[in-house]
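Engineer: need a 3D model of the sequence below.
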Amino acid sequence: MLSLKCNKKGVGMVEVLIAIFLTTTAILALLGLQNPGWRNMAKADYTGRASGILYKMLEKKENVILNPCNLITTGTCANVDVYTSGQSAKINGDVTYHVVTCTNLLDASNTNAYIVSATVTWDANSTGISESMIVTRQEAFRYPSTGADNSVTVSP
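Structural biologist: Reported below is the predicted structural model:
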């Protein structure tokens, strides 16, 4: 008959020490990744908020330019501070975003086409993010529209 020999000694001290060393090394490596992860998450949060503010400001300028009834001042830049709380004044814990929007004629011969540019910066990032767009005036966006008898008509 075949006899099997079994090692009934169990786990030795060397194996236990090696297992503890490997587990500790893996946990420390994961903990070392936590700080850069938090930093990148905060950076993404600031940039995401700035992106939302940037496109909201561009959309506001676009809506004003589209309506031929509105007077557009070109060659000027508007500076606005926006707070994360949404309040008109800074409260404790707010991050201040600095928004600069500029409106200029795209072509001096065409007074219906404008280029609008906006830049959003914040204290942790002085270069910020920026975007520009070309907007043309549209008769379909005239509000209030005037009828043939020069009376103002307002459509629902």
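Engineer: where's whichever strand or helix holds Leu105 relative to the chain centroid, distance-wise?
Structural biologist: Secondary-structure element containing Leu105, defined by DSSP states H and E: strand 96-107. Here strand 96-107 is found 16 Å from its chain centre; the criterion is C-alpha atoms, centre = their mean, to the nearest Å.
Engineer: cool, and stretch 22-40?
Structural biologist: On C-alpha atoms, centre = their mean, the centre of stretch 22-40 falls 28 Å from the chain's centre.
Engineer: looking at it now, give me its mean pLDDT.
Structural biologist: Mean per-residue pLDDT for stretch 22-40: 89.
Engineer: got the end-to-end distance for that stretch?
Structural biologist: End-to-end distance for stretch 22-40, by C-alpha to C-alpha, to the nearest Å: 28 Å.
Engineer: got the phi/psi numbers for the nearest residue to Asn112 once chain neighbours are set aside?
Structural biologist: Nearest residue to Asn112, sequence neighbours excluded (C-beta to C-beta, 6 or more residues apart in numbering): Arg137, at 4.5 Å. From N, CA and C alone the C-beta is placed, and that goes for glycine too. When read as degrees, to the nearest 10, the backbone of Arg137 gives phi -70, psi 140.
Engineer: got a list of what the residue nearest the centre of the chain touches?
Structural biologist: What sits nearest the mean C-alpha location of the chain, by C-alpha atoms, centre = their mean, is Ser51, with 2.3 Å. By C-beta atoms under 8 Å, 6 or more residues apart in numbering, the residues touching Ser51 are 120, 129.
Engineer: assign a three-state SS to it, would you?
Structural biologist: With DSSP: H, G, I helix; E, B strand; the rest coil as the basis, the three-state label of Ser51 is helix.
Engineer: how close does it get to Gly32?
Structural biologist: 30 Å (C-beta to C-beta, to the nearest Å).
Engineer: give the other helices and strands that the next helix or strand after the strand holding Leu105 contacts.
Structural biologist: Following strand 96-107 in sequence order, the next helix or strand is strand 110-122 (DSSP H and E). Helices and strands touching strand 110-122, by 3 or more C-beta pairs under 8 Å, 6 or more residues apart in numbering; DSSP states H and E, are helix 34-66, strand 96-107, strand 125-136.
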